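[1] need a 3D model of the following:
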Amino acid sequence: MSGSNYITTPDDVQIFYKDWGPKDAQPIVFHHGWPLSADDWDNQMLFFLGKGFRVIAHDRRGHGRSSQTDTGNEMDTYAADVIALAKALDLKNVVHIGHSTGGGEVAHYAARAEKGRVAKAVLVGAVPPIMVKSDKNPGGLPIEVFDGFRAALAANRAQFFLDVPSGPFYGFNRPGAQVSQGVINNWWRQGMMGGAKAHYDCIKAFSETDFTDDLKALDMPVLILHGEDDQIVPIADSALLSAKLVKNGTLKTYPGLPHGMCTTHADVINADLLAFIQA
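    Model prediction:
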C-alpha cells in the first residue's frame, strides 16, 4: 500500500494524499470534512492547479484510502498526521484550507506547526470554536444531536450516508433547491470508503474538541467563510465566535448558502479563496 501516494505516520498508519502541480509553486493544502475524503476538493484542486499553485489533499486517517484505523481518531493525532505530511513533502509557506471538521484540523495543526510552514489559514463552514452545548457554550448543539449521529451510523451507516447529503448538508431539503443526484452519490461513495470505527470516533472529535486556544494562537491571516443557512454547523455558534478569537481574521458570510457550499457554489467560493490567497 505504501508508495508515491502514501506517507507512513510514526504509529504506522498509511495516509493517502494527492500532490498536483509544480513542486516549486506555493502549496495549498486542503482538509476535508467528516466523513469524506480528499475527493471532496476535486473542484478546488483543479481550479487552483489551473492558477499555477501546487495543490495537495490527504485522506484523514480512517477516511478515504487511508488506513481504517481503530485508534488515533481524534484531533491531536489528526494534527500530528498533518505535521508528518508537511515534513515528508517539505511544505513551506502553505495556505491551509479546511472545511467543517477539516477546519478544526487546520486550526489545531496551524497552532502547532513549525515556523515557516503556514502562510495563511482558511476555515470554511468549520466546527471551531466548539460545537457541543455546555455551561461555557450555551449556544451549542445538545450532546443528544451527536449521540443521534452515532446511533444512526452504528445502526445503518449506508442509509445515514444517503440521508445527510440528500438533506441538510447541501441544503437539498430547502424549497427550490437544485438537487444533484451525482453530488449525493459522490458524498455516499466517499463516506463508505472510510472505516465505521474511525467515523464513529470522529463525531466526538468534531463536536467536543475545544479549539478556543488554537484560534487565539494563530498569528497568520485567517479567512473564515460560512453559509448563513448552514444546517450542519450553525453559524451563530461557529464562525461568528471564531472571528472574535483570531488575531488577524476576516469573516465573510453567505446568505442562503449551505454547509456544502464549496460544492454547490464552487465558483463563488473559489473566487473568494483566490482573492484571499493573492492578497
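[2] output stretch 136-150 in PDB with nothing but the alpha carbons.
    Written as PDB, here are the backbone C-alpha positions of stretch 136-150 (Å, rounded to 0.1, in the frame of the first residue of the first chain):
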ATOM      1  CA  LYS A 136     -19.400  27.500  28.800                       C
ATOM      2  CA  ASN A 137     -21.000  27.200  25.400                       C
ATOM      3  CA  PRO A 138     -24.800  27.700  25.900                       C
ATOM      4  CA  GLY A 139     -25.400  28.300  22.100                       C
ATOM      5  CA  GLY A 140     -24.000  24.900  21.100                       C
ATOM      6  CA  LEU A 141     -25.900  21.900  19.900                       C
ATOM      7  CA  PRO A 142     -27.000  19.400  22.600                       C
ATOM      8  CA  ILE A 143     -25.000  16.200  23.000                       C
ATOM      9  CA  GLU A 144     -28.100  14.300  22.000                       C
ATOM     10  CA  VAL A 145     -27.700  15.600  18.500                       C
ATOM     11  CA  PHE A 146     -24.300  13.900  18.200                       C
ATOM     12  CA  ASP A 147     -25.500  10.800  20.100                       C
ATOM     13  CA  GLY A 148     -28.100  10.600  17.300                       C
ATOM     14  CA  PHE A 149     -25.400  10.700  14.700                       C
ATOM     15  CA  ARG A 150     -23.500   7.900  16.400                       C
END
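[3] all strands of the stretch 1-150 of the chain, in order?
    For the stretch 1-150 of the chain, the strands defined by DSSP state E, counting those that start in this stretch cover 6-8, 14-20, 27-31, 54-58, 94-99, 118-124.
[4] could those go into JSON lines alongside mean neighbour count?
    Yep, even glycine has a C-beta here, placed from its N, CA and C like the rest. JSON lines is the format used below for the strands of the stretch 1-150 of the chain (neighbours: other Cβ atoms under 10 Å):
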{"stretch": "strand 6-8", "mean neighbour count": "17"}
{"stretch": "strand 14-20", "mean neighbour count": "19"}
{"stretch": "strand 27-31", "mean neighbour count": "27"}
{"stretch": "strand 54-58", "mean neighbour count": "24"}
{"stretch": "strand 94-99", "mean neighbour count": "27"}
{"stretch": "strand 118-124", "mean neighbour count": "26"}
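[5] tell me the pLDDT of the residue positioned nearest the centre of the chain.
    By Cα atoms, centre = their mean, the mean C-alpha position of the chain lies nearest to Gly102, the distance being 2.1 Å. You'll see Gly102 listed with a pLDDT of 98.
[6] so it touches Gly33, yeah?
    Yes. The criterion here is Cβ atoms under 8 Å, and Gly102 meets it with Gly33 at 5.3 Å.
[7] what's the residue nearest to the centre of the chain in contact with, if anything?
    Contacts for Gly102 (Cβ atoms under 8 Å, 6 or more residues apart in numbering) come out as Phe30, His31, His32, Gly33, Arg60, Ala126.
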